[in-house]
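Asker: 3D, please:
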Amino acid sequence: MKRIIIGADVVPEGMSGRDPIPHFISGEMNNLVEQGILDLFKNADFRVVNLEVPLTDKEDKLQKSGPNLMAPTATIKGYQTLGVDLVTIANNHILDQNISGFKSTLETLDNAGIKHVGGGMNYEDAIKPQIVEVGDKKIGFYATCQHEFSWVQDYGSGANGFDPLYSFDHIAELKAKCDYVIVLYHAGVEHYRYTSPYEQRNCRRMIEKGADLVLMQHTHCISCEEDYKGGKILYGQGDFIFDHSEMESCLSGLLVTIDIDGDDFKIGYIPVERKDGFISLSKNPKIIEDFNKRSEEIKDPKFLEDVYYDYGRQRVHWFTNGIMGYYNSKWIRFAVEHIDSKRGNKYLLHGDRSRRLVTNYITNPAHRELYVNVFAKYTEKEAEWQAKQKTEKDKR
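Answerer: Numbers count the residues shown, from 1 in each chain. As a prediction, this is how the structure comes out:
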């Protein structure tokens, strides 16, 4: 039997007091990761993670909304210690240090002998899959990401942006060459534990076009899964080694295993948890129990529609605040919060930060779908939503 193991985001960043960079540079990953996890990677036949950070020694920040990540090129030692064979670079942070940082990343990976998929210095290279042999099987990896500040289509170099006019065809072409196709799809709404109707349609279509396994990353939380027409969709893998938030949803993730025995491909999940910056195998059965519960819940289209609306309703103020320039200065925040819109704050000008943020809200399919869903269904859903909240309040 042969095994492929896939971890999600691996970023040498620490917020809990445990600085991971020295350990990545020295390769002493046992100071960050439980030995049992290191053994899982060591004993696997092929290892994949998401490289959600440019590897560069010179800061050259891209103008964008959201944080600009960066790690020294010497941290590649940590990825080598894990035994990583392939990284996906189709994500929203790989261009954080501009094209110069992206070029440094590719050179660092190539010098370390680590394959990469989902990005390139030009469009032709960015869309290329990786085909590897694991035992006597040809395994195809295709990586793509939703629109943000990293697309090769926008910058000439960068990540392979998901384009329904072409990406589905890329998957079909890859399937014709392989025994098994894995799509690494960096998309979705961050910290949302279900899936959206739009992303469900995309992932299902990927299966129809030849993918055997679709792995969605980016959401920083464990979501749910779906079996569809002989394929498997995991709508959110959670994080792996990425100490960026103490939100409960960010403290666990799944390692995905594909065990190959003859013509049989068996998918498994191994939960991991982060505490004080240290990653260990989880002994908490609730992680998988809740995952299974959500996976059952999304079988009901009405439930999926309702839970998505509820989440969007909580988020919609981010969009309106961005339009009004809320995120640019304390004075604009004061105006938005304390001056009635009829007295003029609706005419406040955007600053650069809000312009970039609103651009992202409009062009990013996950954000756009969320807000449009709330705006379009507000009249229909609001009475229902208010009644639900009153019922829950009365129960308390």
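Asker: distance check, residue 198 against residue 142.
Answerer: Residue 198 sits 19 Å away from residue 142, going by Cβ to Cβ, to the nearest Å. From N, CA and C alone the C-beta is placed, and that goes for glycine too.
Asker: where do the strands of the stretch 101-250 of the chain begin and end?
Answerer: Secondary structure of the stretch 101-250 of the chain by DSSP state E, counting those that start in this stretch: the strands cover 115-117, 119-120, 130-134, 137-145, 158-159, 180-186, 213-217, 225-228, 231-234, 239-243.
Asker: reformat these as JSON lines; add distance to residue 388, mean pLDDT and mean neighbour count.
Answerer: Listed next are the strands of the stretch 101-250 of the chain as JSON lines, based on distance: least, Cβ to Cβ, whole Å; pLDDT from 0 to 100; neighbours: other Cβ atoms under 10 Å:
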{"stretch": "strand 115-117", "distance to residue 388": "43", "mean pLDDT": "98", "mean neighbour count": "21"}
{"stretch": "strand 119-120", "distance to residue 388": "43", "mean pLDDT": "98", "mean neighbour count": "26"}
{"stretch": "strand 130-134", "distance to residue 388": "46", "mean pLDDT": "98", "mean neighbour count": "16"}
{"stretch": "strand 137-145", "distance to residue 388": "34", "mean pLDDT": "98", "mean neighbour count": "25"}
{"stretch": "strand 158-159", "distance to residue 388": "39", "mean pLDDT": "98", "mean neighbour count": "30"}
{"stretch": "strand 180-186", "distance to residue 388": "32", "mean pLDDT": "98", "mean neighbour count": "27"}
{"stretch": "strand 213-217", "distance to residue 388": "28", "mean pLDDT": "98", "mean neighbour count": "25"}
{"stretch": "strand 225-228", "distance to residue 388": "25", "mean pLDDT": "98", "mean neighbour count": "17"}
{"stretch": "strand 231-234", "distance to residue 388": "28", "mean pLDDT": "98", "mean neighbour count": "22"}
{"stretch": "strand 239-243", "distance to residue 388": "31", "mean pLDDT": "95", "mean neighbour count": "26"}
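Asker: out of those strands, which comes closest to residue 356?
Answerer: strand 158-159 (16.4 Å; Cβ to Cβ).
Asker: what residues does that closest one touch?
Answerer: Residues outside strand 158-159 that contact it (Cβ atoms under 8 Å, 6 or more residues apart in numbering) are 89-92, 94-95, 99, 102, 118-119, 126, 144-145, 150-152, 186.
Asker: any weak-confidence spans in the stretch 1-150 of the chain?
Answerer: Applying pLDDT under 70 to the stretch 1-150 of the chain flags no residue at all.
Asker: need the helices for it, in chain order.
Answerer: With helices called from DSSP state H, counting those that start in this stretch, the stretch 1-150 of the chain shows them at 21-26, 35-43, 76-82, 98-112, 123-126.
Asker: which one of the ones you listed is the most hemmed in?
Answerer: Comparing the helices of the stretch 1-150 of the chain by mean neighbour count (mean count of other Cβ atoms under 10 Å), helix 76-82 comes out on top with a mean of 21.
Asker: other SSEs contacting that one?
Answerer: strand 2-14, helix 21-26, helix 35-43, strand 46-51, helix 98-112 (3 or more Cβ pairs under 8 Å, 6 or more residues apart in numbering; DSSP states H and E).
Asker: sheet-wise, list the partners of the fourth one with their directions.
Answerer: Spelled out, that is strand 46-51. Here strand 46-51 has these sheet partners by DSSP bridges: strand 2-14 (parallel), strand 86-88 (parallel).
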